[in-house]
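**Q** following is a predicted model, sequence given first.
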Amino acid sequence: MNSNLSLTFSKLGCVKGGRQLFKNVDCVLRSGQWLYVTGANGVGKTSLLRMVCSLAPIESGDILWNDTPIHNQHDTYLQDLCYLGHLNALQESMTVNENLAFTSALGGIAPDTAQTQDVLARFGLRGKSQQLVRHLSQGQKRRVALSRLSLSRARLWVLDEPYVAMDEAGVQMLAELIANHLRSGGLAVVTSHQRVPIGNVPAQLLELLAQ
Amino acid sequence: MNTTIPSIGLGRVLLSVLKREISLGLRQKGEVLTPLVFFMVIASLFPLGVGAESNLLLRMAPGVLWVSALLAAMLSLQRMFATDHADGSLEQMVLSPTPLGLLVLAKALAHFLLSGLPLVLIAPVLGLQFGLDTRSLGILMLSLLLGTPTLSLIGSIGAALTLGVRGAGVLLSLLILPLYIPVLIFGAGAVEADAAGLGIGGHLSLLAALLVLSLFFSPLVTAAALRISLE
């Protein structure tokens, strides 16, 4: 497996609503490392993450994946990317299983029922696979959304406030999951207001300051 | 462990989008039934409004049925991307390695199967109210069958452009109805031309041409509009 991946921000800047959120952000992230983006509310953490996911246009500077700008290799880049935003991307009137099968298919992966059961059990959702998402609690929905990470083969995880609505055990389990991902050569970009240690991997810190 | 996960082809990805849309539609039965009932009510109001003079009704029938179908098909457009936008599924679709245009195409096809096709099937029953003969009913169905997929495809552009806008429903109608005019002209025209003893080949060919054009262009435009709506 390729374990020489890199994500590079080069003089990255963002303007939103005519206001400069941040500029000249430089950073290099390599296989097995994770980037912890911090800062007060409204400094542009989510904007930065959406730029990394190519959901928002890059105003100035560039983001490179394996030394090539991400917009020049959109298709290959998307195969390496898994994004978890504020929204869980779950349809309320479909079952847990159907939702996960659909997101797997979107990622070009054949849905595997046995593996899905296994992952759900690990996330403390044993026996919930046939339940409609609307019957789950907020924390359980978040867990379903997070179980997508285990079912994807993406090398770069971009997680926006992943610990929201999770209980203590859930937070620990997610940290463990990210640690495993990093050990296998993956990369992660995480924003959070909770400072949760990921295994024993020190975070690369990127603190955004109000301009 | 990650490299062992099997991949699936483009066809299966699109099939799973189609399956999801249809099963969602069937679970929210109101969404399938509302346009259908709307179509039936609107088409039935005309004989009540203009009187039961059979010659007049017969002449009006193709136009009335087509306009009713047009409005009914538009009724369910707004929801095409709205729920996916609200719950974040749309973000995941944009981030899928599968081209967004093809995912949009699958969604438009599902919209046609759920709200266009039922109109095609019920149209002859309504046509009978207006006294259309069997031959005209057949041509009406054929023109609707060729026309309603175009309505779904063009409609997807409007649905994407008005995503997240307040009062999206009205804006959507204003944007999309003018674009529906060619489909209406050739669709209703086919039935009228046949009744007047003229050939219908030209009308149907133009309907098919509109379908092919919108099959090619509307997914591209819709995909671009969806990307803008997420920025």
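**A** Noted; the coordinates are in hand. Remember, predicted model here, so these are calculated numbers, not experimental data.

**Q** so which strand or helix has the residue of chain A found nearest chain B?
**A** For chain A, the residue closest to chain B is A:Leu87, as judged by Cβ to the nearest Cβ, at 2.7 Å. In short, each C-beta sits where N, CA and C put it, glycine included. Counting by DSSP states H and E, A:Leu87 is held by no secondary-structure element, helix or strand.

**Q** nearest residue to it in space, please, no chain neighbours.
**A** Leaving aside its chain neighbours, A:Leu87 sits nearest to B:Gly88 (2.7 Å; criterion: Cβ to Cβ, 6 or more residues apart in numbering or on different chains).

**Q** contact partners for the one you found?
**A** Contacts of B:Gly88 were listed using Cβ atoms under 8 Å, 6 or more residues apart in numbering or on different chains, and they are A:Gly85, A:His86, A:Leu87, A:Asn88, A:Ala89, A:Leu90.

**Q** derive a PyMOL selection command for the buried subset of those.
**A** Of the contacts of B:Gly88, the buried ones can be selected in PyMOL as follows, counting by 16 or more other Cβ atoms under 10 Å in any protein chain shown:
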select buried, chain A and resi 85+87+88+89+90
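
**Q** could you dump the contacts of B:Gly88 to CSV with distance to B:Ile176?
**A** Shown next, in CSV, are those (distance: Cβ to Cβ, whole Å):
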residue, distance to B:Ile176
A:Gly85, 30
A:His86, 31
A:Leu87, 27
A:Asn88, 31
A:Ala89, 27
A:Leu90, 30
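
**Q** using a markdown table, please lay out the contacts of B:Gly88 together with pLDDT.
**A** Listed next are the contacts of B:Gly88 as a markdown table, based on pLDDT from 0 to 100:
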| residue | pLDDT |
| --- | --- |
| A:Gly85 | 88 |
| A:His86 | 87 |
| A:Leu87 | 89 |
| A:Asn88 | 89 |
| A:Ala89 | 89 |
| A:Leu90 | 90 |
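
**Q** show me which of the contacts of B:Gly88 is closest to B:Ser156.
**A** Nearest to B:Ser156 among those: A:Ala89, at 20.2 Å, using Cβ to Cβ.

**Q** and A:Ser93, helix, strand or coil?
**A** coil (DSSP: H, G, I helix; E, B strand; the rest coil).

**Q** closest to A:Asn66 out of the contacts of B:Gly88?
**A** The nearest member of the contacts of B:Gly88 to A:Asn66, counting by Cβ to Cβ, is A:Gly85 at 23.7 Å.

**Q** the closest one: what's it in contact with?
**A** By Cβ under 8 Å, 6+ apart, the residues touching A:Gly85 are A:Thr46, A:Leu49, A:Arg50, A:Asp160, B:Gly88, B:Glu91.

**Q** now those residues in JSON lines, with distance to B:Gly187, secondary structure and pLDDT?
**A** Shown next, in JSON lines, are the contacts of A:Gly85 (distance: Cβ to Cβ, whole Å; DSSP: H, G, I helix; E, B strand; the rest coil; pLDDT from 0 to 100):
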{"residue": "A:Thr46", "distance to B:Gly187": "46", "secondary structure": "helix", "pLDDT": "89"}
{"residue": "A:Leu49", "distance to B:Gly187": "47", "secondary structure": "helix", "pLDDT": "90"}
{"residue": "A:Arg50", "distance to B:Gly187": "42", "secondary structure": "helix", "pLDDT": "90"}
{"residue": "A:Asp160", "distance to B:Gly187": "47", "secondary structure": "strand", "pLDDT": "91"}
{"residue": "B:Gly88", "distance to B:Gly187": "38", "secondary structure": "coil", "pLDDT": "89"}
{"residue": "B:Glu91", "distance to B:Gly187": "37", "secondary structure": "helix", "pLDDT": "91"}
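
**Q** switch the residues you listed over to JSON lines; also include distance to A:Cys27.
**A** Output for the contacts of A:Gly85, formatted as JSON lines (distance: Cβ to Cβ, whole Å):
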{"residue": "A:Thr46", "distance to A:Cys27": "17"}
{"residue": "A:Leu49", "distance to A:Cys27": "13"}
{"residue": "A:Arg50", "distance to A:Cys27": "16"}
{"residue": "A:Asp160", "distance to A:Cys27": "17"}
{"residue": "B:Gly88", "distance to A:Cys27": "26"}
{"residue": "B:Glu91", "distance to A:Cys27": "23"}
